[in-house]
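*Asks:* Got a predicted model here, sequence first, then my questions.
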Amino acid sequence: MNPPPLTAASPNPHHLLVLLTVARTGRFTTAAEALGLNHTTVSRQIAALEKSLGGRALARTVGGWELTDLGRRAVRAAEDVEAAVATINEGEEEADRISGVVRISATDGFSAFIIAPAIVQLRRKHQNLSVEIVNVTRRALQHRSGLDLEVVVGEPQVHRAEAIRLGDYTLGMYASRRYLKDFGTPTSMAELGEHRLVYFVDSMLQVDDLDAPRRLVPGMQDSLSSTNVFVHVEATRAGAGIGFLPCYMAGRHPDLVRLLPEDFAERLPYWMVLRPDSLRQPAVAAVAEALRRRTTVVEEALLGNEPLGS
């Protein structure tokens, strides 16, 4: 007996899976690439799905496409379809649901020392998992289209998002031994103000919590500025000036000396922000847990109390 035809009120399961991919990527073009389709086909299938649902499943935002309330209900159904499809081959070998691409936005230091080793360890068990990292130091986005999770500095002020505090890290003032030999070692805040600063580009700094050196020592003039913290470290090592650096990065270099630790020990939190539907994805949930575990393991190093372990 043939199954009854789909009615206008019965969404096509394939169209639901297309919506699920758009929801995870935030863009039709990216979803099309993941599905092996073209942009027009994805757009047409979303339109057909919305017609069967009787309303809009997606809303355009500055960053891409976001789910409407109706779309979120449809995505939950799509996840059930995806899970059902994944069980087809379970008779021979259980499907690994921790697979696919997870997209992360994070600071460069956190990406190198927390995300990278955490993902390497996770992929030892789940080799079909792939992670894409966008390095940027900014506030949490209000619209996270195209991203599964963000790691930001400072408590995020976001709506429709899950925010998880990962842990704290400490920043301090550092100079190279050669620099101190050539220009002297500052022993007070007043003397520190006579030296040049290596830090973020002031006009491009988007995180208020990172303004400590210019707030506490306003007399320090910029020497070399960059949006990349690895440049801060290497410029400080090269003698460009005094760098305000994460202790877990600067402490790895014996040629750097920490200055005035009693006056400069700025402690800031790392927060993880996820889209509301992200934690329902096994791969995203696994990555989030891996980052949480790695941050806990190296907690003392982040605070500058010991060298960063592997």
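*Replies:* Thanks, I have the structure now. Numbering: from 1, shown residues only.
*Asks:* could you pull out the strands for the stretch 201-310 of the chain?
*Replies:* Along the stretch 201-310 of the chain, the segments classed as strands by DSSP state E, counting those that start in this stretch run 221-225, 242-246, 256-259, 266-274.
*Asks:* Looking at those, spot the one closest to residue 123.
*Replies:* Closest approach to residue 123 among those is made by strand 266-274 (19.2 Å; CB to CB). In short, each C-beta sits where N, CA and C put it, glycine included.
*Asks:* quick one: strands adjacent to the closest one?
*Replies:* In the sheet, strand 266-274 lines up against strand 149-153 (antiparallel), strand 162-176 (antiparallel) (DSSP bridges).
*Asks:* so how far is the shortest one off the chain centroid?
*Replies:* In this view, strand 149-153 has its centroid 4 Å away from the chain centroid, taken as CA atoms, centre = their mean, to the nearest Å.
*Asks:* just to revisit the earlier point, same list, the strands paired with strand 266-274, but as CSV with mean neighbour count, distance to residue 32 and mean pLDDT please.
*Replies:* Shown next, in CSV, are the strands paired with strand 266-274 (neighbours: other CB atoms under 10 Å; distance: least, CB to CB, whole Å; pLDDT from 0 to 100):
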stretch, mean neighbour count, distance to residue 32, mean pLDDT
strand 149-153, 25, 23, 92
strand 162-176, 20, 28, 94
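*Asks:* Need those in TSV (columns: distance to residue 22).
*Replies:* Listed next are the strands paired with strand 266-274 as TSV, based on distance: least, CB to CB, whole Å:
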stretch	distance to residue 22
strand 149-153	18
strand 162-176	20
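*Asks:* among the strands of the stretch 201-310 of the chain, which is nearest residue 154?
*Replies:* Across the strands of the stretch 201-310 of the chain, residue 154 has its closest neighbour in strand 266-274 (6.5 Å, CB to CB).
*Asks:* Show me what that closest one is in contact with.
*Replies:* By CB atoms under 8 Å, 6 or more residues apart in numbering, the residues outside strand 266-274 that reach it are 110, 140, 144, 148-156, 158, 161-172, 209-210, 212, 244, 284, 288, 291-292, 295, 303.
*Asks:* Could I get the average pLDDT for that strand?
*Replies:* Strand 266-274 shows a mean pLDDT of 93 in the predicted model.
*Asks:* Quick check: buried residues in it?
*Replies:* 266, 268, 270-274 (16 or more other CB atoms under 10 Å).
*Asks:* coming back round to it: so which of the strands paired with strand 266-274 is nearest residue 203?
*Replies:* Proximity to residue 203 (CB to CB) singles out strand 149-153 among the strands paired with strand 266-274, at 18.0 Å.
*Asks:* List the buried residues in the lengthiest helix in the chain.
*Replies:* Assignment by DSSP state H gives helix 69-86 as the longest helix of the chain. Residues of helix 69-86 classed as buried: 71, 74-75, 78-79, 82 (neighbour count, 16+ other CB under 10 Å).
*Asks:* what's that helix packed up against?
*Replies:* Applying 3 or more CB pairs under 8 Å, 6 or more residues apart in numbering; DSSP states H and E, one finds that helix 69-86 contacts helix 13-25, helix 39-53.
*Asks:* pLDDT of the following helix or strand past the longest one, averaged?
*Replies:* Scanning forward in sequence from helix 39-53, with DSSP states H and E defining helices and strands, the next element found is strand 58-61. Computed over strand 58-61, the mean pLDDT rounds to 84.
*Asks:* My guess is residue 162 contacts residue 278. True?
*Replies:* Yes - at 7.5 Å, residue 162 counts as touching residue 278 under the criterion of CB atoms under 8 Å.
*Asks:* quick one, phi psi at residue 206?
*Replies:* phi -100, psi -10 (degrees, to the nearest 10).
*Asks:* can you count the residues close to it?
*Replies:* Other residues near residue 206 number 13, with proximity taken as other CB atoms under 10 Å.
*Asks:* before we move on, what about residue 32?
*Replies:* 20.
*Asks:* Figure out the helix or strand that it lives in.
*Replies:* Judged by DSSP H and E, residue 32 forms part of helix 28-35.
*Asks:* For that helix, which outside residues touch it?
*Replies:* By CB under 8 Å, 6+ apart, helix 28-35 touches 18, 21-22, 24-25, 38-39, 41-43, 46, 65, 101, 146.
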